[in-house]
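Engineer: need a 3D model of the sequence below.
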Amino acid sequence: MAVLPIKDIVNIIVNLSPRSAVRAGFNIAMFLGTSGVIPVSQRVRTYSSTDSMLADGFTDESPEYKAALLYFAQDTNPGKFAVGFWDADNETLAQAVTACRQADWNWYLLCLALPAVLDPGDPAADPAVPPTCEFGSEDIKAAALYVEGCMPSTAMFYLTNDISLLEEMKGLNYNRSLGIYSEISPMLSVAVAGWAMGANTGLANSAYTIANKPLKGVLVDPLDENTVKAVKGANGNYYVNRGQQFDGFEQGTMASGAWFDEIINLDMLANNIQLSVMDLLKSARKVPQTEDGVLMIIAAFTPDLEKALRIGFLAPGIWKAPPILNLAFGDAIPGGYVIQSEPVDEQSQANRDARLAPPIYAAVKLAGAIQHVVIQIDVNR
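Structural biologist: Model (predicted):
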């Protein structure tokens with residue numbers, strides 16, 4: 001008996017949606033080391049535990065291993081840690097950072113605190129002193145310049161005991177470099193990085209600041225008020241004790257004065273929106289150059305704004321910036337964001353021929369954060 005196919009009558013077509021681009025977690029710090037475990041050909045390896053580092057060839061005396069112990073010790077429990085290799089004999093720090101970024105796009109935070117290992121056979125090495133060398137000011141400035149414009153977006157923590165370097169970095173107005181001043185803790189920025197990366201979970205109400213947070217495994221600096229004032233005036237950061245009861249990391253500011261928590265959250269939001277729109281362009285047969293097509297684009301990235309609202313980065317408020325299309329200074333933003341676009345019909349023919357979308361504007365209101373409080377107590381007898 002001949003068997004005819006059912007599809008001539010009922011034809012079922014299964015379309016499996018393409019996988020969306022993987023979202024970066026923005027919760028991995030990378031430290032440069034010269035121990036030589038990681039080859040130049042690979043540059044960066046990511047570890048989820050110190051045991052995995054030992055299994056990979058690091059020893060318990062490796063500066064990278066000691067940094068990982070401090071990183072994983074923080075209360076926020078960061079899940080991953082990246083180590084990059086700096087070929088110190090053959091390249092500058094900036095060249096090493098560039099190579100590590102090109103080799104691995106998954107890490108977000110560059111941490112310049114890890115001492116580099118010197119050759120134990122170096123005659124200048126004192127066997128009674130751990131063989132380390134510090135990142136120099138010129139190295140730090142060169143790395144900061146690269147970090148400021150590298151892609152994907154990156155931020156940098158660096159440690160110094162030189163207030164003049166903090167002042168110089170402030171003058172350079174860098175948004176992506178956070179300077180930490182310490183006179184006693186050579187890996188203080190490792191602890192801060194561990195707390196910050198561990199706190200960045202992306203869960204509901206998970207937005208955070210790094211200001212006033214206690215750290216594990218590092219001592220507070222015994223800084224006097226004049227030193228604190230100078231560091232703060234240079235947009236620097238420090239770890240001190242207040243009132244003999246509260247240890248806390250203070251400020252959380254980049255060299256420009258911008259807040260680190262705002263920089264990382266804006267980086268995450270921009271990355272998520274970019275990938276969402278790319279997913280749409282990849283998966284849709286066509287996004288028409290019409291108002292409906294613009295609405296498709298807006299619908300693709302609106303969930304990313306909702307996520308920023310859900311974690312607590314955005315919040316309802318009043319727009320207090322220059323007007324954007326129909327959004328005026330003083331207008332309420334009850335949902336935390338307003339999305340607008342210019343009319344398709346008003347596009348130039350050149351832009352239409354180039355298949356450009358009309359400009360789309362997402363005006364967002366940041367939730368901000370309170371880090372200083374004044375309370376007046378009025379007493380009546």
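Engineer: so what's the nearest residue to T46 once chain neighbours are set aside up against?
Structural biologist: With Cβ to Cβ, 6 or more residues apart in numbering as the criterion, T46 has its nearest non-adjacent residue at 4.7 Å, and that residue is A82. Any C-beta I mention is one placed from the backbone N, CA and C, and that applies to glycine too. Contacts for A82 (Cβ atoms under 8 Å, 6 or more residues apart in numbering) come out as 28-31, 44-47, 104, 106-107.
Engineer: next: T302.
Structural biologist: Counted by Cβ under 8 Å, 6+ apart, T302 has contacts I339.
Engineer: thinking again about what came up before, can I take it that the residue nearest to T46 is in a strand?
Structural biologist: Yes. Assignment of A82 by DSSP: H, G, I helix; E, B strand; the rest coil places it within a strand.
Engineer: returning to that earlier point: the contacts of A82, buried ones only, as a ChimeraX selection?
Structural biologist: To isolate the buried ones among these in ChimeraX, judged by 16 or more other Cβ atoms under 10 Å, type:
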select :28,29,30,31,44,45,47,104,107
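Engineer: ok, the contacts of A82 vs L295, which is closest?
Structural biologist: N106 (33.1 Å; Cβ to Cβ).
Engineer: re earlier: which one of the contacts of A82 is nearest to L70?
Structural biologist: Of these, the one sitting nearest to L70 (Cβ to Cβ) turns out to be F31, at 10.4 Å.
Engineer: any idea how far N380 lies from V374?
Structural biologist: 20 Å (Cβ to Cβ, to the nearest Å).
Engineer: over to Y146?
Structural biologist: 41 Å.
Engineer: try W105
Structural biologist: Relative to V374, and taking Cβ to Cβ, W105 is found at 44 Å.
Engineer: okay, those two: which has more neighbours?
Structural biologist: W105 (12 against 4; other Cβ atoms under 10 Å).
Engineer: from A362, how far out is that one?
Structural biologist: 24 Å.
Engineer: then Q376?
Structural biologist: For Q376 relative to A362 (Cβ to Cβ), the value is 39 Å.
Engineer: how about A211?
Structural biologist: Remark: distance between A211 and A362 (Cβ to Cβ) = 27 Å.
Engineer: cool, V83 as well?
Structural biologist: Distance from V83 to A362, by Cβ to Cβ: 37 Å.
Engineer: who has more neighbours, the two?
Structural biologist: V83 (28 against 17).
Engineer: now for D224, how many residues are close by?
Structural biologist: Going by other Cβ under 10 Å, the residues that sit close to D224 add up to 8.
Engineer: okay, and the most centrally placed residue in the chain sits in which element?
Structural biologist: Central residue of the chain (Cα atoms, centre = their mean): I264, 4.1 Å from the mean position. Taking DSSP states H and E as the criterion, I264 maps to helix 260-283.
Engineer: which other helices and strands contact that helix?
Structural biologist: strand 155-160, helix 291-311 (3 or more Cβ pairs under 8 Å, 6 or more residues apart in numbering; DSSP states H and E).
Engineer: please enumerate the strands of the stretch 101-250 of the chain.
Structural biologist: Along the stretch 101-250 of the chain, the segments classed as strands by DSSP state E, counting those that start in this stretch run 109-112, 116-117, 132-133, 155-160, 177-181, 238-242, 246-250.
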